[in-house]
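1. Provided below for reference: sequence and predicted model.
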Amino acid sequence: RMRSMVWHHKGDYLASASQDSSKLSVQIHRTSQTKTHLPFSKSKGYVQAVAFHPSKPFFFVATKRHVRVYNLSKQEMVKKLQCPARWISSLAIHPLGDNLIVGSYDCRVCWYDMDLSARPYKTLKYHKKAVRQVAFSSKYPLLASVSDDGKLHLFHGKV
């Protein structure tokens, strides 16, 4: 079962994450050459979401409790972000790439400043049920979260 799928901003790469806990759980597909790359030799846990950095060769992999940031050109882990949530559901990267938001099944939204720390800059607890999706606006200083409680919360977040 597929958990996440995202395009690279240049449009030639597509990353997918499945619920499988093997090395096949994360795949990066290059559409122009019809090739698939398996970036990990072994799994670091159940992958919940994946994302590409908008301008750097960084790749974000969210597992149950952590978000790992990998440098694809050097093929090494750059940072491991700790999330106070019990189970991560989604993630979104700001269009400038310096901020990250993570949604969780325990009603939290964690906001990270990538330049500051591996811990959240802010933890928002406004939903009553699981947060399913989070997103940044590409045009305005807004971030949004949507939950199983049927509510969409829109926040003004100056980055």
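-> Structure received.

2. Could you check how far the residue positioned nearest the centre of the chain is from C83?
-> Among the residues of the chain, the one closest to the centroid is L91, at 3.3 Å (CA atoms, centre = their mean). From L91 over to C83 the distance is 10 Å, taken as CB to CB, to the nearest Å. C-beta here means a position set from N, CA and C on the backbone, and glycine is covered the same way.

3. H153 now?
-> H153 sits 18 Å away from C83, going by CB to CB.

4. list the buried ones in the helix or strand encompassing the residue nearest to the centre of the chain?
-> Secondary structure assignment for L91, by DSSP states H and E: strand 88-93. By neighbour count with 16 or more other CB atoms under 10 Å, strand 88-93 contains the buried residues I88, S89, S90, L91, A92, I93.

5. so who does the nearest residue to K151 once chain neighbours are set aside touch?
-> Spatial nearest neighbour of K151, excluding adjacent residues (CB to CB, 6 or more residues apart in numbering): H127 at 6.7 Å. Going by CB atoms under 8 Å, 6 or more residues apart in numbering, H127 touches C107, R108, V109, S145, S147, D149, K151, H153.

6. Are we agreed that H127 is in a helix?
-> No - using DSSP: H, G, I helix; E, B strand; the rest coil, the secondary structure at H127 is coil, not a helix.

7. Centre of the chain to the edge, which residue is at the far end?
-> Residue farthest from the centre of the chain, counting by CA atoms, centre = their mean, is Q33 at 25.7 Å.

8. What's the local residue count around A85?
-> The number of residues packed near A85 is 21, by other CB atoms under 10 Å.

9. er, T34 actually
-> Neighbour tally, T34, other CB under 10 Å: 7.

10. now it: how far from S41?
-> T34 is 23 Å from S41, by CB to CB.

11. residues shared between the contacts of L91 and C83?
-> V67, V102.

12. Work out for me the element the closest residue to N71 other than its chain neighbours sits within.
-> Excluding the flanking residues, the one nearest N71 by CB to CB, 6+ apart is V78, at 5.0 Å. Assigned by DSSP H and E, V78 belongs to strand 76-82.
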